[in-house]
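build me a model:
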Amino acid sequence: MRPYLEELRVNWRPLTGAFIGLSGGLMMASYVMGIMAPYLISEFGWPKSQFALISGLGLVSVIVFPVVGRLTDLVGVRRAATVGVVSAPLLFAASTQLHDLLTYAILYSLQCFLLVTTTPPVYCRAVVQHTKHARGLALGIVMSGPALTVAIGGPILNNFVAAHGWRAGYWTLAAFTVITGVAAMLLLPARRGKDEPKKVRPRAAREDYRKILHTRAFWIIFFAVLLCTMPQSVMMTQLSLVLTANGAAGAAASAIISVFATGMLLGRLLSGMALDRFSSRIVASIGQTLSAVGLFIFASGLDSRPMLMLAAALFGLTAGAEGDMVAYLVVRNFGVRIYSSVAGLIAATVAISAVAGFVLLSVMLKAFGHFAPFLTLAGVLVLIGSALFLLLPANPVVADGAEEKSAKENSVHPARVSEGAAG
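Numbers count the residues shown, from 1 in each chain. I've put the predicted structure just below:
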């Protein structure tokens, strides 16, 4: 256990830099829309239906994720993240001058386009470069950054905007992203991690993507993620309505939603430690199966508060684990050199899956008038996706300087942690 935790201590700079960078990036900014929306609609009288359509502009990130992932592999984390670090304060500052819906739509589109460089495919590369034995836990800790920022800062920002107005709120966000961006750049080391050769010959994109697309593991992860993440965004936005349909409202619903949020944070840490100790494919399969159980409980119509809390906890654990689990599987099967290229493709898959989930929900609500059919179908799809993870190779060999040839997958070696990974 001591060398396991020692690796985190030795590499505190890249881990802290990635944690702070994600906390001030697109994942955080996505929550800001929900906080600012009521104040903007109230002041300008924008139609709610038109405002809701703007969320669809986030689909631009589906195209950008693979490009940004490839860019990160070629130029490194700091150079790629600099695009978002510079853009975020400027976009928030520009938002203080909003007057019409078209301007808001343009700024939101630019945010989804430019701030992709502040997402996990970029910052998590710093984590996988500098950790090996505690990689799962490191990813879990770093990926908790945006959730903790929103949990702590969200209510503060909301109260601040209520007291001083949305323009002051955007100025505050501009200042916050300046601080987090500068801190991340100062902490992230300029050189590569211990798992990469010091000099890597830049390969043509065609060669690398041919390797990726001809690898069985990529398509297993692709379809498993497509099926397993489909209900996650839906549940995060519709959980209150699902609980109401199951007879939980008011204080009861708030308590259950708190259980869900707590489950997400615990899921990141617990899954990270499990990935470091057990077979990643089995951990991924079991973890995703938990969410299917939660979906089936919600679909059953049970109104017992303990059962609804159990369902929320199970789904929250899976939702929290998803980010670091996918990052771990990518580096496990493809290594560090093309990590962000693969992670960018999978991130685009998650975005597509989320849109598919909302479309499917809309169609099924129109056809049946309640959530149960959708929840049941989603649970079945998640079970299929979780089974796909078991098809991943038990001991993949990655020939990019990051090979792991241990007989037991992801075992924690008691050997001394190399100081060469320090920032």
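
what sits against residue 165?
Shown in contact with residue 165 (CB atoms under 8 Å, 6 or more residues apart in numbering): residue 39. C-beta: built from backbone N, CA, C; applies to glycine.

count of neighbours near the spatially closest residue to residue 368 that is not a sequence neighbour?
The shortest distance from residue 368 to any non-neighbouring residue, by CB to CB, 6 or more residues apart in numbering, is to residue 374 (7.9 Å). Per other CB atoms under 10 Å, the neighbour tally for residue 374 reads 25.

one more: residue 260?
23.

next, the buried residues of the helix or strand harbouring it.
Take DSSP states H and E as the rule and residue 260 turns out to sit in helix 251-277. By neighbour count on 16 or more other CB atoms under 10 Å, the buried set for helix 251-277 is 252-253, 256-257, 259-272, 274-276.

ditto for stretch 289-303
Quick answer for stretch 289-303 (16+ other CB under 10 Å): 289-299, 302.

look up the closest residue to the residue positioned nearest the centre of the chain, ignoring the ones flanking it.
The geometric centre of the chain, computed from its C-alpha atoms, lies nearest to residue 323 (CA atoms, centre = their mean), at 4.5 Å. Nearest residue to residue 323, sequence neighbours excluded (CB to CB, 6+ apart): residue 143, at 4.5 Å.

then residue 321?
Spatially, and ignoring its direct neighbours in sequence, residue 321 is nearest to residue 271 (3.4 Å; CB to CB, 6+ apart).

and what of residue 233?
Once flanking residues are discounted, residue 233 sits nearest to residue 354: 3.9 Å by CB to CB, 6+ apart.

how far away is that neighbour from residue 289?
Between residue 354 and residue 289 the distance is 20 Å, computed by CB to CB, to the nearest Å.

so what touches the helix or strand that contains residue 13?
Applying DSSP H and E as the criterion places residue 13 in helix 12-23. Around helix 12-23, the neighbours that count as contacts under CB under 8 Å, 6+ apart are 8, 28, 77, 81, 85, 118-120, 122-124, 126-127, 129-131, 138, 141-146, 148-149, 180-181, 183-189, 193, 422-423.

next, check those residues against the helices and list the overlap.
8, 28, 77, 81, 85, 120, 122-124, 126-127, 129-130, 138, 141-143, 145-146, 148-149, 180-181, 183-187 (DSSP state H).

isn't residue 39 up against residue 161?
Yes: counting by CB atoms under 8 Å, residue 39 touches residue 161, with 6.0 Å between them.

have a look at those two and say which one is more surrounded.
Neighbours were counted for residue 39 and for residue 161 using other CB under 10 Å; residue 161 has more, 21 against 16.

ok, the residue in the chain sticking out farthest from the centre to residue 101 distance?
Residue farthest from the centre of the chain, counting by CA atoms, centre = their mean, is residue 45 at 33.0 Å. To residue 101, residue 45 is 10 Å away according to CB to CB.

same question for residue 29.
Between residue 29 and residue 101 the computed distance is 19 Å (CB to CB).

which of those two has more residues huddled nearby?
Set residue 29 next to residue 101 and count neighbours by other CB under 10 Å: residue 29 wins out with 21 against 18.

that one reaches residue 111, doesn't it?
Yes: look at residue 29 against residue 111 with CB under 8 Å: they come within range, at 6.1 Å.

hey, what's in contact with both of those two?
Listed contacts common to residue 29 and residue 111 are residue 88; contacts here mean CB under 8 Å, 6+ apart.

domain ranges for this protein?
1-195, 205-397 (automatic domain parsing).

could you export the ones you listed to TSV, including columns for mean pLDDT?
Output for these, formatted as TSV (pLDDT from 0 to 100):
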stretch	mean pLDDT
domain 1-195	89
domain 205-397	91
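
hang on, the residue nearest to residue 233 packs against residue 228?
No: contact criterion CB under 8 Å: residue 354 and residue 228 do not qualify, at 11.8 Å.

quick one: which of those two has more around it?
Neighbour comparison, residue 354 and residue 228: the larger count goes to residue 228, with 31 against 21 (by other CB under 10 Å).

skipping adjacent residues, who's closest to the more buried one in space?
Nearest residue to residue 228, sequence neighbours excluded (CB to CB, 6+ apart): residue 385, at 3.8 Å.

the one you found: neighbour count?
25.

and for stretch 230-237, what's in contact with it?
Stretch 230-237 is contacted from outside by 242, 291, 295, 315, 318-319, 322, 353-354, 356-358, 360-361, 374-375, 378-379, 381-382, using CB under 8 Å, 6+ apart.

how far is it from where the chain is centred?
Centroid separation for stretch 230-237 versus its chain: 13 Å, with CA atoms, centre = their mean, to the nearest Å.

so what's the residue nearest to residue 228 up against?
Neighbours of residue 385 in contact, by CB under 8 Å, 6+ apart: 223-228, 288.

tally of neighbours for residue 344?
26.

can you check residue 367 too?
Applying other CB under 10 Å, we find 9 residues neighbouring residue 367.

ok, now how distant is it from residue 373?
Computed as CB to CB, the residue 367 to residue 373 distance reads 8 Å.

residue 341 now?
38 Å.

more crowded one of these two?
More crowded of residue 341 and residue 373, by other CB under 10 Å: residue 341, with 25 against 15.

between the strand or helix carrying the more buried one and helix 120-130, how many degrees?
Assigned by DSSP H and E, residue 341 falls within helix 339-368. With axes from the mean of the first three to the mean of the last three CA atoms, to 10 degrees as the basis, helix 339-368 and helix 120-130 are set at 140 degrees to each other.

quick one: buried residues of helix 339-368?
339-354, 356-358, 360-361, 364.

separation between residue 372 and residue 364?
9 Å.

now do residue 320
26 Å.

name only those of the ones in helices among the contacts of helix 12-23 that count as buried.
8, 28, 77, 81, 85, 120, 122-124, 126-127, 129-130, 138, 141-143, 145-146, 149, 180-181, 183-185, 187.

so residue 180 touches residue 24, yeah?
Yes: with contacts counted by CB under 8 Å, residue 180 reaches residue 24, the gap being 2.8 Å.
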